[in-house]
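*Asks:* no FASTA, just this:
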(Lines give C-alpha, C1' and ligand atoms only; values in the text may rest on other atoms or scores of the structure.)
Protein backbone atom coordinates (compact mmCIF):
# COMPACT_ATOMS: atom_id res chain seq x y z
CA UNK A 1 0.00 0.00 0.00
CA UNK A 2 2.85 2.37 0.90
CA UNK A 3 4.48 1.66 -2.46
CA UNK A 4 1.23 2.51 -4.25
CA UNK A 5 0.96 5.79 -2.36
CA UNK A 6 4.56 6.67 -3.26
CA UNK A 7 3.87 5.94 -6.93
CA UNK A 8 0.76 8.15 -6.79
CA UNK A 9 2.81 10.96 -5.28
CA UNK A 10 5.44 10.59 -7.99
CA UNK A 11 2.81 10.70 -10.74
CA UNK A 12 1.31 13.85 -9.18
CA UNK A 13 4.73 15.50 -9.03
CA UNK A 14 5.49 14.56 -12.64
CA UNK A 15 2.20 16.04 -13.78
CA UNK A 16 3.02 19.20 -11.87
CA UNK A 17 6.41 19.43 -13.57
CA UNK A 18 4.99 18.91 -17.06
CA UNK A 19 2.21 21.42 -16.45
CA UNK A 20 4.62 24.08 -15.22
CA UNK A 21 6.97 23.52 -18.16
CA UNK A 22 4.14 23.77 -20.69
CA UNK A 23 2.99 27.02 -19.07
CA UNK A 24 6.54 28.36 -19.18
CA UNK A 25 6.96 27.49 -22.86
CA UNK A 26 3.72 29.31 -23.66
CA UNK A 27 4.72 32.37 -21.66
CA UNK A 28 8.28 32.68 -22.98
CA UNK A 29 7.79 32.21 -26.72
CA UNK A 30 9.55 35.57 -26.87
CA UNK A 31 7.34 37.53 -29.27
CA UNK A 32 5.33 40.69 -28.57
CA UNK A 33 2.54 41.59 -30.99
CA UNK A 34 1.26 45.02 -31.97
CA UNK A 35 -1.68 45.50 -34.32
CA UNK A 36 -2.36 49.20 -33.96
CA UNK A 37 -6.14 49.07 -34.33
CA UNK A 38 -7.05 45.73 -32.75
CA UNK A 39 -8.85 47.21 -29.75
CA UNK A 40 -6.31 46.25 -27.09
CA UNK A 41 -5.45 48.96 -24.52
CA UNK A 42 -3.50 51.69 -26.28
CA UNK A 43 -4.09 50.19 -29.74
CA UNK A 44 -6.27 52.97 -31.16
CA UNK A 45 -4.31 54.03 -34.24
CA UNK A 46 -7.12 53.97 -36.80
CA UNK A 47 -4.66 54.00 -39.73
CA UNK A 48 -3.02 50.80 -38.51
CA UNK A 49 -3.74 47.11 -38.98
CA UNK A 50 -6.53 45.22 -37.28
CA UNK A 51 -6.81 41.50 -36.63
CA UNK A 52 -5.52 38.73 -34.39
CA UNK A 53 -2.12 37.12 -33.87
CA UNK A 54 -2.20 33.34 -33.33
CA UNK A 55 0.04 30.29 -33.21
CA UNK A 56 2.98 32.06 -31.57
CA UNK A 57 5.98 29.78 -31.09
CA UNK A 58 9.71 30.33 -30.62
CA UNK A 59 10.20 30.12 -34.38
CA UNK A 60 7.19 31.96 -35.74
CA UNK A 61 3.69 33.39 -35.61
CA UNK A 62 0.54 33.88 -37.67
CA UNK A 63 -1.28 37.23 -38.01
CA UNK A 64 -4.82 37.13 -39.37
CA UNK A 65 -5.41 40.66 -40.66
CA UNK A 66 -8.92 41.86 -41.47
CA UNK A 67 -7.46 45.31 -42.18
CA UNK A 68 -3.86 45.84 -43.28
CA UNK A 69 -4.14 49.55 -42.55
CA UNK A 70 -2.66 52.45 -44.46
CA UNK A 71 -0.34 54.04 -41.89
CA UNK A 72 2.87 52.43 -43.09
CA UNK A 73 4.82 49.33 -42.21
CA UNK A 74 4.70 49.92 -38.43
CA UNK A 75 0.91 49.57 -38.29
CA UNK A 76 1.48 45.86 -37.60
CA UNK A 77 4.53 44.52 -35.78
CA UNK A 78 5.96 41.41 -34.17
CA UNK A 79 9.00 42.02 -31.96
CA UNK A 80 11.38 40.09 -29.75
CA UNK A 81 14.50 40.80 -27.69
CA UNK A 82 17.88 39.96 -29.21
CA UNK A 83 21.51 40.57 -28.29
CA UNK A 84 23.39 41.62 -31.42
CA UNK A 85 26.90 43.09 -31.18
CA UNK A 86 28.31 45.68 -33.55
CA UNK A 87 30.87 44.29 -36.02
CA UNK A 88 29.90 40.64 -35.58
CA UNK A 89 28.42 38.56 -38.39
CA UNK A 90 24.97 37.05 -38.01
CA UNK A 91 22.66 34.87 -40.05
CA UNK A 92 18.90 35.39 -40.04
CA UNK A 93 16.58 32.85 -41.62
CA UNK A 94 12.80 32.55 -41.81
CA UNK A 95 9.91 31.85 -44.16
CA UNK A 96 7.29 34.52 -44.77
CA UNK A 97 3.93 34.32 -46.51
CA UNK A 98 0.88 36.49 -47.25
CA UNK A 99 -2.21 34.58 -48.33
CA UNK A 100 -4.64 37.31 -49.38
CA UNK A 101 -2.60 40.01 -51.09
CA UNK A 102 0.87 41.08 -52.17
CA UNK A 103 2.61 42.46 -49.10
CA UNK A 104 5.67 44.36 -47.96
CA UNK A 105 7.42 43.16 -44.79
CA UNK A 106 10.34 45.02 -43.24
CA UNK A 107 12.82 43.28 -40.94
CA UNK A 108 14.50 45.63 -38.49
CA UNK A 109 17.23 44.71 -36.00
CA UNK A 110 18.09 47.78 -33.96
CA UNK A 111 18.22 49.63 -30.68
CA UNK A 112 15.55 52.25 -31.25
CA UNK A 113 16.68 53.88 -34.53
CA UNK A 114 20.29 52.68 -34.40
CA UNK A 115 20.08 49.95 -37.01
CA UNK A 116 22.20 46.83 -36.98
CA UNK A 117 20.34 45.45 -40.00
CA UNK A 118 17.34 46.25 -42.18
CA UNK A 119 15.70 44.37 -45.06
CA UNK A 120 12.56 44.88 -47.17
CA UNK A 121 10.83 41.67 -48.28
CA UNK A 122 8.22 41.61 -51.04
CA UNK A 123 5.69 38.81 -50.62
CA UNK A 124 3.73 37.71 -53.65
CA UNK A 125 0.19 36.65 -52.76
CA UNK A 126 0.04 32.98 -51.83
CA UNK A 127 3.76 32.28 -52.32
CA UNK A 128 6.17 31.50 -49.50
CA UNK A 129 9.37 33.55 -49.47
CA UNK A 130 12.52 32.25 -47.78
CA UNK A 131 14.83 34.75 -46.09
CA UNK A 132 18.41 33.61 -45.59
CA UNK A 133 20.73 36.57 -45.01
CA UNK A 134 24.19 36.92 -43.50
CA UNK A 135 25.08 40.42 -42.33
CA UNK A 136 27.62 42.34 -40.28
CA UNK A 137 25.90 44.30 -37.53
CA UNK A 138 26.18 48.05 -38.09
CA UNK A 139 25.41 48.75 -34.42
CA UNK A 140 24.56 46.96 -31.21
CA UNK A 141 20.91 45.91 -31.22
CA UNK A 142 18.44 44.73 -28.58
CA UNK A 143 15.23 44.31 -30.61
CA UNK A 144 14.15 42.49 -33.75
CA UNK A 145 10.97 43.72 -35.44
CA UNK A 146 8.90 42.37 -38.31
CA UNK A 147 6.82 45.29 -39.67
CA UNK A 148 3.90 44.33 -41.93
CA UNK A 149 1.34 47.13 -41.81
CA UNK A 150 -0.17 48.58 -45.00
CA UNK A 151 2.80 50.10 -46.83
CA UNK A 152 2.46 52.40 -49.86
CA UNK A 153 5.71 54.35 -49.69
CA UNK A 154 3.97 57.57 -48.66
CA UNK A 155 5.12 57.83 -45.04
CA UNK A 156 8.58 59.31 -45.55
CA UNK A 157 7.60 62.71 -44.16
CA UNK A 158 6.25 61.25 -40.92
CA UNK A 159 8.36 58.12 -40.47
CA UNK A 160 11.70 59.58 -41.52
CA UNK A 161 13.91 57.73 -43.98
CA UNK A 162 15.78 55.29 -41.75
CA UNK A 163 13.97 52.18 -42.95
CA UNK A 164 13.22 53.51 -46.44
CA UNK A 165 16.96 53.93 -46.91
CA UNK A 166 17.23 50.13 -47.00
CA UNK A 167 15.03 50.16 -50.12
CA UNK A 168 16.80 53.06 -51.82
CA UNK A 169 14.05 55.49 -50.83
CA UNK A 170 10.29 55.58 -50.32
CA UNK A 171 9.65 55.87 -54.07
CA UNK A 172 11.08 52.39 -54.56
CA UNK A 173 8.50 51.07 -52.10
CA UNK A 174 5.71 53.09 -53.73
CA UNK A 175 6.52 51.44 -57.06
CA UNK A 176 5.08 48.23 -55.60
CA UNK A 177 1.91 49.02 -53.70
CA UNK A 178 0.99 46.24 -51.37
CA UNK A 179 -2.57 45.09 -50.73
CA UNK A 180 -3.26 45.85 -54.37
CA UNK A 181 -3.91 49.60 -54.29
CA UNK A 182 -3.29 53.11 -53.02
CA UNK A 183 -3.33 54.16 -49.40
CA UNK A 184 -6.76 53.99 -47.84
CA UNK A 185 -8.74 52.03 -45.23
CA UNK A 186 -8.67 48.71 -47.14
CA UNK A 187 -11.18 47.20 -44.74
CA UNK A 188 -11.99 44.66 -47.41
CA UNK A 189 -8.43 43.29 -47.60
CA UNK A 190 -8.06 40.09 -45.60
CA UNK A 191 -4.73 38.33 -45.47
CA UNK A 192 -2.85 35.98 -43.22
CA UNK A 193 0.77 37.03 -42.78
CA UNK A 194 2.88 34.27 -41.28
CA UNK A 195 6.46 33.70 -40.20
CA UNK A 196 7.96 30.25 -39.68
CA UNK A 197 11.38 28.64 -39.16
CA UNK A 198 12.79 31.85 -37.67
CA UNK A 199 16.40 31.73 -36.50
CA UNK A 200 19.05 34.33 -35.66
CA UNK A 201 22.55 33.02 -34.97
CA UNK A 202 26.13 34.17 -35.22
CA UNK A 203 27.37 33.45 -38.72
CA UNK A 204 29.54 30.38 -39.05
CA UNK A 205 28.14 28.71 -35.96
CA UNK A 206 27.59 25.09 -36.98
CA UNK A 207 24.43 23.31 -35.96
CA UNK A 208 24.53 20.99 -32.97
CA UNK A 209 23.78 17.99 -35.17
CA UNK A 210 26.60 18.85 -37.58
CA UNK A 211 29.19 19.41 -34.87
CA UNK A 212 28.20 16.22 -33.07
CA UNK A 213 28.48 14.22 -36.27
CA UNK A 214 31.85 15.77 -37.07
CA UNK A 215 33.13 14.99 -33.60
CA UNK A 216 32.00 11.41 -33.93
CA UNK A 217 33.97 10.91 -37.13
CA UNK A 218 37.05 12.96 -36.28
CA UNK A 219 37.32 12.08 -32.60
CA UNK A 220 37.19 15.71 -31.49
CA UNK A 221 35.18 17.39 -28.78
CA UNK A 222 31.91 18.77 -30.19
CA UNK A 223 31.23 22.49 -29.99
CA UNK A 224 27.82 24.01 -29.32
CA UNK A 225 25.66 26.27 -31.47
CA UNK A 226 26.10 29.99 -30.84
CA UNK A 227 22.59 31.42 -30.74
CA UNK A 228 21.64 35.04 -30.19
CA UNK A 229 20.05 35.46 -26.77
CA UNK A 230 16.27 35.96 -26.93
CA UNK A 231 15.36 36.05 -23.24
CA UNK A 232 13.97 32.51 -23.11
CA UNK A 233 14.35 31.13 -19.58
CA UNK A 234 12.45 27.90 -20.21
CA UNK A 235 15.33 25.57 -19.18
CA UNK A 236 15.72 27.42 -15.87
CA UNK A 237 12.00 27.36 -15.20
CA UNK A 238 11.70 23.66 -15.99
CA UNK A 239 14.71 22.92 -13.80
CA UNK A 240 13.05 24.74 -10.92
CA UNK A 241 9.85 22.80 -11.56
CA UNK A 242 11.79 19.53 -11.45
CA UNK A 243 13.34 20.48 -8.09
CA UNK A 244 9.92 21.35 -6.72
CA UNK A 245 8.56 18.04 -7.98
CA UNK A 246 11.35 16.15 -6.26
CA UNK A 247 10.59 17.95 -3.00
CA UNK A 248 6.93 16.99 -3.31
CA UNK A 249 7.87 13.32 -3.74
CA UNK A 250 10.08 13.37 -0.61
CA UNK A 251 7.43 15.10 1.53
CA UNK A 252 4.69 12.71 0.42
CA UNK A 253 6.91 9.68 0.96
CA UNK A 254 7.89 10.71 4.49
CA UNK A 255 4.33 11.60 5.40
CA UNK A 256 3.04 8.22 4.23
CA UNK A 257 5.79 6.38 6.12
CA UNK A 258 4.86 8.22 9.31
CA UNK A 259 1.21 7.31 8.75
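*Replies:* Cool, the structure landed. Remember, predicted model here, so these are calculated numbers, not experimental data.

*Asks:* got the buried residues for stretch 43-63?
*Replies:* 45, 47-51, 53, 56, 60-63 (16 or more other C-beta atoms under 10 Å). Quick note: C-beta positions are derived from backbone N, CA and C, even for glycine.

*Asks:* Check the separation of the first and last residues in that stretch.
*Replies:* End-to-end span of stretch 43-63 (C-alpha to C-alpha, to the nearest Å): 16 Å.

*Asks:* Equivalent analysis for stretch 115-135, please.
*Replies:* One end of stretch 115-135 to the other measures 12 Å (C-alpha to C-alpha).

*Asks:* what residues does it touch?
*Replies:* 84, 86, 89-110, 137-141, 162-163, 165-167, 173, 176, 191, 193, 203 (C-beta atoms under 8 Å, 6 or more residues apart in numbering).

*Asks:* repeat that with 6 Å
*Replies:* Stretch 115-135 is contacted by residues 84, 91-98, 101-103, 105-110, 137-139, 141, 163, 166-167, 203 when judged by C-beta atoms under 6 Å, 6 or more residues apart in numbering.

*Asks:* Quote the end-to-end distance of stretch 99-108.
*Replies:* Length of stretch 99-108, first residue to last, C-alpha to C-alpha: 22 Å.

*Asks:* picking up where we left off before, for ChimeraX, write the selection for the buried entries among the contacts of stretch 115-135.
*Replies:* Entered in ChimeraX, the line below selects the buried ones among the contacts of stretch 115-135, by 16+ other C-beta under 10 Å:
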select :84,91,92,94,95,96,97,98,101,102,103,105,106,107,108,109,110,137,138,139,141,163,166,167
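
*Asks:* In strands, which of the contacts of stretch 115-135 appear?
*Replies:* 84, 91-98, 103, 105-110, 141 (DSSP state E).

*Asks:* just checking, residue 194 is part of a strand?
*Replies:* Yes - Residue 194: assigned to a strand according to DSSP: H, G, I helix; E, B strand; the rest coil.

*Asks:* How much space separates the nearest residue to it once chain neighbours are set aside from residue 77?
*Replies:* Excluding the flanking residues, the one nearest residue 194 by C-beta to C-beta, 6 or more residues apart in numbering is residue 62, at 4.5 Å. Between residue 62 and residue 77 the distance is 14 Å, computed by C-beta to C-beta, to the nearest Å.
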